[in-house]
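Undergrad: sequence first, then the predicted structure:
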Amino acid sequence: MKPTIEIIVSSTGEFTIEGVGFKGAGCEKATKFLEEALGQVEHRRKKPEFHQQAVSKQQQQLGQ
């Protein structure tokens, strides 16, 4: 799943920002600019994915 940011606005004008498909602290990094632009954060909930590590692949080519 490609990481996405969902913004949900209620009929009262309250909004929720949710990162979907992120692992670790990637969600907080990705949504930080929105939080700063929209104002003070009242509540932050860390989903189980926050506690998972992001997977990165590294390859090493041996000399020929």
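TA: Right, received. Where do you want to start?
Undergrad: could you say which helix or strand contains the residue nearest the centre of the chain?
TA: Closest to where the C-alpha atoms of the chain average out (CA atoms, centre = their mean) is residue 27, at 1.5 Å. For residue 27, the host element (DSSP states H and E) is helix 26-38.
Undergrad: what are the contacting residues of that helix?
TA: By CB atoms under 8 Å, 6 or more residues apart in numbering, the list of residues contacting helix 26-38 from outside reads 3, 5, 7, 15, 17, 19, 22, 41, 47, 49, 50, 54. Any C-beta I mention is one placed from the backbone N, CA and C, and that applies to glycine too.
Undergrad: please pick the buried ones from those residues.
TA: When burial is judged by neighbour count using 16 or more other CB atoms under 10 Å, the buried members of the contacts of helix 26-38 are 17, 19, 22.
Undergrad: quick revisit: could you check the helix holding residue 27 and say which residues are buried?
TA: 27, 30, 31.
Undergrad: which non-adjacent residue is nearest the last one?
TA: If I follow you right, that is residue 31. Here the nearest residue to residue 31 in space, its sequence neighbours aside, is residue 17; by CB to CB, 6 or more residues apart in numbering that works out to 5.2 Å.
Undergrad: where's the residue nearest to the centre of the chain relative to residue 2, distance?
TA: In this structure, residue 27 and residue 2 are 14 Å apart, going by CB to CB, to the nearest Å.
Undergrad: isn't there a helix covering residue 7?
TA: No. Counting by DSSP: H, G, I helix; E, B strand; the rest coil, residue 7 is not found in a helix; it is strand.
Undergrad: how about low-confidence regions in this protein?
TA: Applying pLDDT under 70 to the chain flags the ranges 53-59, 64.
Undergrad: counting neighbours, what do you get for residue 39?
TA: The number of residues packed around residue 39, counting by other CB atoms under 10 Å, is 8.
Undergrad: gap between it and residue 47?
TA: With the distance defined as CB to CB, residue 39 ends up 22 Å from residue 47.
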